[in-house]
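Asks: attaching a predicted model along with its sequence, questions to come.
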Amino acid sequence: MSRANWGSKLGFILAASGSAVGLGAIWKFPYVAGKNGGGAFLIAYLVCVFTLGISMLLAEMLIGRAARKSATTAYRELKGKLWPWAGRLSVLCVFIILSFYSVVGGWTIAYILRSITGEAITADTGALKAAFGSFIANPLEAIAYSAAFFGITMGVVLGGVQAGIERMSKILMPTLFILMLLLIARALTLPGAIDGVMYFITPDWSKVSASMLLEAMGLAIFSLSIGGGMIIAYGSYLSSDTKLVGATLWVSALATLACILAGLMVLPAVFAFGVDPAAGPGLTFITMPAIFAKMPMGQGLAVAFFLLLLFAALTSSVSILEPIVAFLMDEFHWQRKPATIAVTIASFALSIPAALSFGVMEKDTLFGKTAFDLMDYTASNVLMPAGGLLAAVFVGWAIWPRIETELRNEGAAAILPAFRVICGFVAPILIGYIWIHGL
């Protein structure tokens, strides 16, 4: 079976950036930055992205392109022994992520419709909180919207690398950035919005702590999709003449830009209406609709905001589904269509307990966690850091001569000493520490 290729370097950069620019960038980054002192967290995050994050992104791209296979097969072909288990862990990780992520993706579809009808547009945060709680507790609605999100994701991946993933990325990524700029322009016209901007860009050094730095590191790794095998799979579709260092810089820059724009989109509006910037995940489905209700043309802005969230969710969910499909194609020689359909059905089945975790299964817990929380914890705190740590050790030690040759061949010999230190020593230590701290 011949290996698919990206149609262009731009297509790959937009697809890989889309993998990083998910719901985490749009709704998580603003409230985490708000909770950790705005500018101080932003600086810490940027330092982490352009040292540890960019190095790990390059490492995973190198693994994928060197083997021209997805994670499990790449680890086997490049080194063998027990290394394929690192790939299998990443497949398990993204399978679990897809199952609970699609539940939240379904919420974005629901809130687009609720914004269009005006149901989600009210300044009464108590009513919004009750409505959101009632919606996510409704088993039929929760499962139906999750199924709709799965269906869209499956449709894109069925199209393949160029006709599906690349084409979607070339449409959705520019649209996503345009929507963000429009929402930022409106937010900045609000009275008091400048206070939110200043909070976001002015460092409050009193907020700097070990836990804040750990959170910045963890978010940098998570927001670049490191540790789940997504970038390895995407890297496997790259041609040998693509300059990986330049591509990595572009992907990191676009992913970081999305986070910064999300902060400029949310925090000025939050300050303009006197809302706590550390309000948490509720900013998305409760606080922001209340803010839109107080704005001129608020209903249209709410529709644009939730469309933005849907596009961000889709660019990530497609990158989450693809490495599982690629695993079945590379390891068991499945065709794309049956592999995509089988994975979607299996992941949807696993998503049902996650979707019901806010209603009929709310009291059904294991280790004190609902099904949704347990999936999130297992993937984000256990498997993803493990995948990142193993990828760093693999590049920094197990296949370093191969990596050295790859980078010399593309004229990037100057970065080799620093790259070796980060992959061989710094990344394993820091990711290991984040892993232990998260556990």
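Replies: Thanks, I have the structure now.
Asks: got any ranges where this protein has weak pLDDT?
Replies: The model of the chain has pLDDT under 70 over residues 1, 278-282.
Asks: centroid-wise, who is the farthest residue in the chain?
Replies: Pro191 (32.3 Å; CA atoms, centre = their mean).
Asks: secondary structure class for it?
Replies: Pro191 falls in the coil class when you classify it by DSSP: H, G, I helix; E, B strand; the rest coil.
Asks: these two touch, right, it and Gly274?
Replies: No - judged on CB atoms under 8 Å, Pro191 makes no contact with Gly274 at a distance of 11.0 Å. For every residue, glycine as well, the C-beta is placed using N, CA and C.
Asks: quick check: closest non-adjacent residue to the residue farthest from the centre of the chain.
Replies: Ala272 (6.2 Å; CB to CB, 6 or more residues apart in numbering).
Asks: any idea how far the one you found is from Gly38?
Replies: 15 Å (CB to CB, to the nearest Å).
Asks: now swap in Phe29 and tell me
Replies: Per CB to CB, Phe29 is found 12 Å from Gly38.
Asks: neighbour count winner among Ala272 and Gly38?
Replies: Higher neighbour count among Ala272 and Gly38: Gly38, with 24 against 21, using other CB atoms under 10 Å.
Asks: is that one in a bridge, and if so with what?
Replies: Judged by DSSP bridges, the bridge partners of Gly38 are Pro203.
Asks: measure it to Lys337 for me?
Replies: Gly38 is 47 Å from Lys337, where distance means CB to CB.
Asks: helices along the stretch 201-350 of the chain, start to end?
Replies: 210-223, 230-235, 244-272, 282, 288-293, 298-332, 336-355 (DSSP state H, counting those that start in this stretch).
Asks: highest average neighbour count across the ones you listed?
Replies: helix 230-235 (a mean of 30; mean count of other CB atoms under 10 Å).
Asks: packing partners of it?
Replies: Contacts defined by 3 or more CB pairs under 8 Å, 6 or more residues apart in numbering; DSSP states H and E place helix 230-235 against helix 9-20, helix 54-67, helix 71-78, helix 84-117, helix 298-332.
Asks: mind putting these in TSV, distance to Gly263 included?
Replies: Converted to TSV, these look like this (distance: least, CB to CB, whole Å):
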stretch	distance to Gly263
helix 9-20	16
helix 54-67	20
helix 71-78	32
helix 84-117	19
helix 298-332	14
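Asks: so what's Val426 closest to, chain neighbours aside?
Replies: Take Val426 and drop its neighbours on the chain: the residue closest to it by CB to CB, 6+ apart is Leu52, 6.8 Å away.
Asks: hang on, the one you found in a helix?
Replies: Yes - secondary structure of Leu52, determined by three-state DSSP: located in a helix.
Asks: surely Ser17 meets Met173?
Replies: Yes - counting by CB under 8 Å, Ser17 does reach Met173; the two are 6.3 Å apart.
Asks: settle it for me: which of these two has more neighbours?
Replies: Just comparing Ser17 and Met173: by other CB under 10 Å the higher neighbour count belongs to Ser17, 27 against 22.
Asks: name the nearest residue to that one, sequence neighbours excluded.
Replies: Ranked by CB to CB, 6+ apart and with sequence neighbours excluded, the top spatial neighbour of Ser17 is Leu254, at 3.9 Å.
Asks: next one: Ile143
Replies: Ala355 (5.1 Å).
Asks: mind listing what the one you found touches?
Replies: Counting by CB atoms under 8 Å, 6 or more residues apart in numbering, Ala355 makes contact with 103, 106, 139, 142-143, 146, 372.
Asks: how about CSV for those residues, with distance to Leu283 and secondary structure added?
Replies: Output for the contacts of Ala355, formatted as CSV (distance: CB to CB, whole Å; DSSP: H, G, I helix; E, B strand; the rest coil):
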residue, distance to Leu283, secondary structure
Val103, 18, helix
Gly106, 19, helix
Pro139, 26, helix
Ala142, 21, helix
Ile143, 25, helix
Ser146, 22, helix
Phe372, 19, helix
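Asks: could I have the buried ones of those residues as ChimeraX selection syntax?
Replies: Of these, the buried ones go into a single ChimeraX selection, burial set by 16 or more other CB atoms under 10 Å:
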select :103,106,142,143,146,372
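Asks: just the contacts of Ala355 now: which is nearest Gly235?
Replies: Val103 (28.4 Å; CB to CB).
Asks: hmm, the closest one is touching Ala354, no?
Replies: Yes - assessed by CB under 8 Å, Val103 is found in contact with Ala354 at 5.0 Å.
Asks: hey, what's in contact with both of those two?
Replies: Phe372.
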